[in-house]
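Asks: can't give you the sequence, but here's the structure:
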């Protein structure tokens with residue numbers, strides 16, 4: 001998984017009339033980057049862009065400047081992809097992860113936008129919490145709470161195994177959650193509380209208590225995004 005932000009001022013690229021995240025989205029969803037992913041041997045690519053469709057959604061930024069896009073690849077030659085990304089984006093960090101998918105709905109895989117608010121959260125283990133215990137609480141105990149207290153219809157947990165660049169910041173786990181688009185601006189839609197204020201407060205309290213047990217209530221990044229999936233035709237080697 002690779003976290004990105006748009007190139008800084010003064011960087012000249014094709015489509016220079018576009019700015020920031022808009023340009024980043026054009027490049028990540030374009031034919032050129034797709035060809036790069038195919039050349040790298042990737043069988044699948046997933047692109048998350050914090051674009052206008054999710055404006056107004058909750059964002060938490062530990063990193064400054066914040067993360068603006070996330071790319072996930074399966075079975076890719078990472079060096080090929082990172083070199084290509086560096087031509088039109090700033091690479092914040094890259095991680096090799098082990099994925100778990102407690103909720104994995106059927107989604108379009110042709111590059112079109114998934115009809116969802118896709119939140120990507122970057123978690124950091126508190127220094128005083130044993131790594132094995134941190135993973136146990138997160139993966140075994142918190143998972144049920146997260147699914148039961150929110151209107152999540154897609155839920156993915158990525159345990160970080162290694163950093164892939166020297167400048168990659170510390171991240172111990174990466175979570176992706178898919179919510180109905182109404183969750184961008186409606187807490188009841190986010191938590192699935194059906195307009196019931198007492199139920200909303202109950203769900204929020206239960207969720208906040210759970211994340212506090214493994215430090216996911218602080219020093220994290222939450223990036224609201226639009227998600228695009230693409231299954232690739234990998235050339236024979």
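Replies: Arrived safely. Please read all numbers here as calculations on a predicted model, not as lab measurements.

Asks: note down every partner strand of the strand ranked longest in the chain and its orientation.
Replies: In the chain, taking DSSP state E as the definition, the longest strand is strand 90-103. Sheet partners assigned to strand 90-103 using DSSP bridges are listed as strand 2-5 (antiparallel), strand 154-163 (antiparallel).

Asks: so which elements touch the helix or strand just after the shortest one?
Replies: Spelled out, that is strand 2-5. Using DSSP states H and E, the helix or strand that follows strand 2-5 in sequence is helix 20-28. On a contact count with 3 or more Cβ pairs under 8 Å, 6 or more residues apart in numbering; DSSP states H and E, helix 20-28 meets strand 44-49, strand 69-74. C-beta coordinates here come from the backbone N, C-alpha and C atoms, glycine included.

Asks: which one, of those, ends up nearest to residue 118?
Replies: Closest of the helices and strands packed on helix 20-28 to residue 118 is strand 44-49, at 5.8 Å (criterion: Cβ to Cβ).

Asks: in CSV: the strands paired with strand 90-103, plus mean pLDDT, distance to residue 146 and mean neighbour count.
Replies: Below are those laid out as CSV (pLDDT from 0 to 100; distance: least, Cβ to Cβ, whole Å; neighbours: other Cβ atoms under 10 Å):
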stretch, mean pLDDT, distance to residue 146, mean neighbour count
strand 2-5, 97, 21, 24
strand 154-163, 98, 7, 17
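
Asks: any chance of the ones you listed in a markdown table, plus distance to residue 226?
Replies: Putting these into a markdown table (distance: least, Cβ to Cβ, whole Å) gives the following:
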| stretch | distance to residue 226 |
| --- | --- |
| strand 2-5 | 14 |
| strand 154-163 | 13 |
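
Asks: closest one to residue 170 among those?
Replies: strand 154-163 (8.1 Å).

Asks: given the next helix or strand after that closest one, what are its sheet partners and their directions?
Replies: Remark: after strand 154-163, the chain's next helix or strand is strand 173-179, criterion DSSP H and E. In the sheet, strand 173-179 lines up against strand 117-123 (antiparallel), strand 154-163 (antiparallel) (DSSP bridges).

Asks: write down the beta-bridge partners of residue 157, one by one.
Replies: Bridge pairing for residue 157 - DSSP bridges - gives residue 100, residue 175.

Asks: so it is in contact with residue 104, correct?
Replies: No. Between residue 157 and residue 104 no contact is recorded; they are 11.2 Å apart, counting by Cβ atoms under 8 Å.

Asks: mind listing what's buried along the helix or strand of the chain with the lowest mean pLDDT?
Replies: Least confident helix or strand, the chain: helix 20-28 with a mean of 91, by mean pLDDT, DSSP states H and E. For helix 20-28, a neighbour-count test (16 or more other Cβ atoms under 10 Å) marks 21, 23-28 as buried.
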